[in-house]
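Trainee: sequence first, predicted model second:
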Amino acid sequence: MHPKRPLFLMALSVLTLALVFTITGCNSKPASPPEKTPKTPPLRLGMLPIQDNLPFWVAERKGYFADEGLQVELIGFPSAMERDSALAAGQIDGALGDILAVAQLNNGGTKVRIVSVGQGATAEEGRFAILASPKSSISSVDQLKNVPIGCSLKTINEYVVDQLLTGAGLKPEEIKKNQMPKIPLRLEALLNGTLQAAVLPDPIAALAEVKGARLILDDTRENITQTVIYFREPVLEQNLEGVQRLMRAYARAVEDIQAGPSAFNDLLAEKARVPQEVLSSSAHGMQVLFSPPQLPTEDQVRRVLDWMSANGLLDRPLGYQDLVDGRVLGKA
């Protein structure tokens, strides 16, 4: 035997054992999957139980927030007042509401900016309607002259009443309103005849139609209302990338909804509290429609601000640039 053969065999054995150990060691502890995207600070959004928030619930269910590396908490609120109080206190980062609410927050010193329209990019999305009681004889716009219409004053409800009725030819002095802020009570009063007419948003407007109320006017022909997605200004300054990812997830959810709205009826029933009577009926004008994220137009914002100024709801002038931030959608 060659004198160096034992030493060579020993070295080969040690090398083989080391290789086996290395391979075994690697297999016993799975490597962590590479992160697709870096983490950003968590986002907390205030959610009212309304249809307009459906894309957020769909994105949560389908894991689209996780796909973007986001941690998103959807926090429910029973009223817009409580939601906006939480926003002003910094307890939530953003929300979905109307342009009037955004202007009121900024007017009160809470700097928030709109990053996209929710519903209302087209007139058919997010319907408001003026309905007549099934106990009344009202069947036309002219018959609404000097009839108190149930609504919530100094809110988007009163704005809708003014815009719809003046657009239909009534003079401002012919428009009367009855303060009734709680929607369930307004619906009940409309159906039992205590109110002859009322303004209601979907799905409550649709429920009223199913129960016999007559549709007199709605905003599906002229686009006068939008819900918008907005965030506190410090959040946009410190976590712009996170908000951009959130809106990408939102856009994916909108595509899913538009491909088959009825697939999400369970979410509408559970989260938005859309009555089963509405979901199972076609005897109403409600539609589940959403558009891709986009900024509100200057005309849509100006129209709301002009109405607020005329009604003494602003302490100082506000303009489009005070309320809208285009950076999230790359429109800056």
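Mentor: That came in fine, so what should we check first? Residues are numbered from 1 along each chain as shown.
Trainee: does the residue nearest to Gln226 when sequence neighbours are not counted belong to a helix, a strand or coil?
Mentor: Leaving aside its sequence neighbours, Gln226 sits nearest to Gly120 (CB to CB, 6 or more residues apart in numbering; 3.0 Å). (Each C-beta comes from the backbone N, C-alpha and C, glycine too.) Counting by DSSP: H, G, I helix; E, B strand; the rest coil, the backbone at Gly120 sits in coil.
Trainee: does Ala213 touch Ile130 like I think?
Mentor: No. With contact defined as CB atoms under 8 Å, Ala213 does not count as touching Ile130 (10.1 Å).
Trainee: circling back: the residue nearest to Gln226: how many residues sit nearby?
Mentor: Close neighbours of Gly120, defined as other CB atoms under 10 Å, add up to 26.
Trainee: so what's it scoring on pLDDT?
Mentor: Gly120 carries a pLDDT value of 96.
Trainee: how near is it to Pro41?
Mentor: For Gly120, the distance to Pro41 equals 29 Å [CB to CB, to the nearest Å].
Trainee: contacts only, for Ala80.
Mentor: 48, 97, 101 (CB atoms under 8 Å, 6 or more residues apart in numbering).
Trainee: can you pull the buried residues of the helix or strand encompassing Glu277?
Mentor: In this structure, Glu277 sits in helix 276-279 according to DSSP states H and E. Within helix 276-279, the residues that qualify as buried are 278-279, counting by 16 or more other CB atoms under 10 Å.
Trainee: can you check stretch 308-317 too?
Mentor: Buried-residue list, stretch 308-317, by 16+ other CB under 10 Å: 308, 313-314.
Trainee: give me the low-pLDDT residue ranges for this structure?
Mentor: Low-confidence segments of the chain, defined by pLDDT under 70: 1-38.
Trainee: so which residues of the stretch 1-150 of the chain form helices?
Mentor: 5-28, 54-61, 64-67, 80-88, 99-107 (DSSP state H, counting those that start in this stretch).
Trainee: which ones are touching Val117?
Mentor: Contacts of Val117 by CB under 8 Å, 6+ apart are 226-229, 291, 293-296.
Trainee: for those residues, pick the one with the most neighbours.
Mentor: Val228 (28 neighbours).
Trainee: name the SS class of that residue, please.
Mentor: Applying three-state DSSP: Val228 is strand.
Trainee: excluding chain neighbours, what is closest to it?
Mentor: Nearest to Val228 is Ile114, by CB to CB, 6+ apart, at 4.5 Å.
Trainee: hmm, Asp98 and that neighbour touching each other?
Mentor: No. Ile114 is beyond contact range of Asp98, at 10.2 Å (criterion: CB under 8 Å).
Trainee: which neighbours do the two share?
Mentor: Joint contacts of Ile114 and Asp98 (CB under 8 Å, 6+ apart) are Val228.
Trainee: pretty sure Gln163 contacts Ile224?
Mentor: Yes. If you go by CB under 8 Å, Gln163 and Ile224 touch, sitting 4.6 Å apart.
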